[in-house]
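Asker: next come a sequence and a model predicted from it.
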Number of protein chains: 2
Amino acid sequence: MERIAIDMDGVIADVAEQFLRYDERDFGRRKTWEEIAGLEERKAFPHCREYVFSKGFFRTAPVMEHSQEILQQLNASYEVFIVSAATEFPQSLAEKLEWLGEHFPFIPWQQIVFCGIKTIVSADIMIDDHFKNLDHFPGATFLFSQPHNFSMNDGKHKRVYSWPEIASILL
Amino acid sequence: MERIAIDMDGVIADVAEQFLRYDERDFGRRKTWEEIAGLEERKAFPHCREYVFSKGFFRTAPVMEHSQEILQQLNASYEVFIVSAATEFPQSLAEKLEWLGEHFPFIPWQQIVFCGIKTIVSADIMIDDHFKNLDHFPGATFLFSQPHNFSMNDGKHKRVYSWPEIASILL
C-alpha cells in the first residue's frame, strides 16, 4: 500500500481564508484574491506571524473544500499520514490535534505527524503547498495551489487546484 | 551527514524513574529494579496509563544521565532529530516541547518530530527503547536498554546501556 504524506495548512486547512478573515478584522476590508495572489504570506498579510502564534488561529481554521470526503476515500486505499510542520508554533499542537479530531475523525493519532522540517518524512507521495517541503522529497509530489505559490513556477511538481482533482488522479 | 532519529521516553527522558516515583507516591514503597526488570510498563506500574495522560508527567520527567552533553556532541557531527511517539497523548505535546527547550536548548524546533507510529521516519540511524519502532526501521538500530525491554532478546538490534556507550560507538 502506497504511503501519502498530506500537509495540513494550505491543503486540508484553509489558512489563506483564515488569514483573510484575521486581516479584515484588523484592517477593516477583505483583501481580494488579486491582491494576494503570488505574494508570500508575510507580504500579503502584514500581521501573519502574530496570527499564527495566537491562540485559536489553527483551531478555528476552515476546512478545505471537499478535503474530508476525499481524504476518507484515500484513507481506504493508501497509508495516509497527516504531516504538519508545527513544532515552530507550540500552541498549535493541541489545537491541530483537536481540529483533526473534529473534522477528520477517521484519522487516528497513529497517522498524525508534527515536525519542523519535512526531510524526515518517508513516504511515496507528498501533497503540500510549499516548495521547501516538496523540493527535497524523493517520491511523487503534488503542489496544492494556493495564493502564496500561485505565480511561482511549478518546477518538477504536479500542480493541483482542488481535492476533486487529486481524487481524479489518485482514486 | 548521517541522520539520527533519537527517541525521547526511555532514551533521553528517564520515564522509568518517573514511573517509579509516581508508583511510590500511590503505593507507598519504591519498587526495586529486580521487581520491574523484564516487565512491560503496564505490568510493572499498574497505573501507568493514568500517569502518562496526567498533566505534568512528561514536563517533570528526569533527564537520562549524560544524554545532554553527548547529544550536544552528536548534534555537531550528525543531523539529529528527536522523534517521539506522542500524538496519542495530546497534553504531552506542549510539555515535551517545553522539556526539550529546558534540557536540550541546542535542539531547535526544526529537529523535533512528534508522531504516532515511526514507520514514517526517514533516517540512517535510530536509537529507541521499543522493538515496535526499531523492527521496521531500515537503517542501523540501537536498542536503549530499559527495564521494560531488559530480558527480551535484542533481535537484530545493538543493545546499548548508556549514553557514554553510544558516544564510544558514534563519536
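Answerer: In hand now; what should we look at? Numbering: from 1, shown residues only, chains lettered A, B, ... in the order given.
Asker: how close does A:Gln91 get to chain B?
Answerer: 7 Å (CB to the nearest CB, to the nearest Å). The C-beta positions use only the backbone N, C-alpha and C, and glycine is treated the same way.
Asker: which residue is the nearest non-sequential neighbour of that residue?
Answerer: A:Lys55 (6.0 Å; CB to CB, 6 or more residues apart in numbering or on different chains).
Asker: tell me who's in contact with A:Thr87.
Answerer: A:Leu93, A:Phe114, A:Cys115, A:Gly116, B:Leu97, B:Trp109, B:Gln110, B:Ile112, B:Val113, B:Phe114 (CB atoms under 8 Å, 6 or more residues apart in numbering or on different chains).
Asker: export those residues to JSON lines and tack on distance to A:Gly28, pLDDT and neighbour count?
Answerer: Listed next are the contacts of A:Thr87 as JSON lines, based on distance: CB to CB, whole Å; pLDDT from 0 to 100; neighbours: other CB atoms under 10 Å in any protein chain shown:
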{"residue": "A:Leu93", "distance to A:Gly28": "32", "pLDDT": "95", "neighbour count": "23"}
{"residue": "A:Phe114", "distance to A:Gly28": "34", "pLDDT": "98", "neighbour count": "25"}
{"residue": "A:Cys115", "distance to A:Gly28": "37", "pLDDT": "97", "neighbour count": "26"}
{"residue": "A:Gly116", "distance to A:Gly28": "35", "pLDDT": "96", "neighbour count": "19"}
{"residue": "B:Leu97", "distance to A:Gly28": "36", "pLDDT": "96", "neighbour count": "22"}
{"residue": "B:Trp109", "distance to A:Gly28": "34", "pLDDT": "97", "neighbour count": "17"}
{"residue": "B:Gln110", "distance to A:Gly28": "36", "pLDDT": "97", "neighbour count": "15"}
{"residue": "B:Ile112", "distance to A:Gly28": "38", "pLDDT": "98", "neighbour count": "26"}
{"residue": "B:Val113", "distance to A:Gly28": "40", "pLDDT": "98", "neighbour count": "26"}
{"residue": "B:Phe114", "distance to A:Gly28": "38", "pLDDT": "98", "neighbour count": "25"}
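Asker: pull the most distant pair out of the residues you listed.
Answerer: Distance extremes for those: the farthest pair is A:Leu93 and B:Gln110 at 15.1 Å, using CB to CB.
Asker: for stretch A:80-97, buried residues please.
Answerer: Residues of stretch A:80-97 classed as buried: A:80-87, A:89-97 (neighbour count, 16 or more other CB atoms under 10 Å in any protein chain shown).
Asker: can you list contacts of the longest strand seen in chain A?
Answerer: Looking across chain A with DSSP state E, the single longest strand is strand A:79-85. Strand A:79-85 has contacts (CB under 8 Å, 6+ apart) with A:1-9, A:12, A:71, A:74, A:96, A:100, A:104, A:107, A:111-118, A:121, A:123, A:126, A:133, B:120.
Asker: can you rerun that using 6 Å?
Answerer: Residues outside strand A:79-85 that contact it (CB atoms under 6 Å, 6 or more residues apart in numbering or on different chains): A:1, A:3-6, A:8, A:74, A:107, A:111-115, A:121, B:120.
Asker: that concludes my questions; thank you for your assistance.
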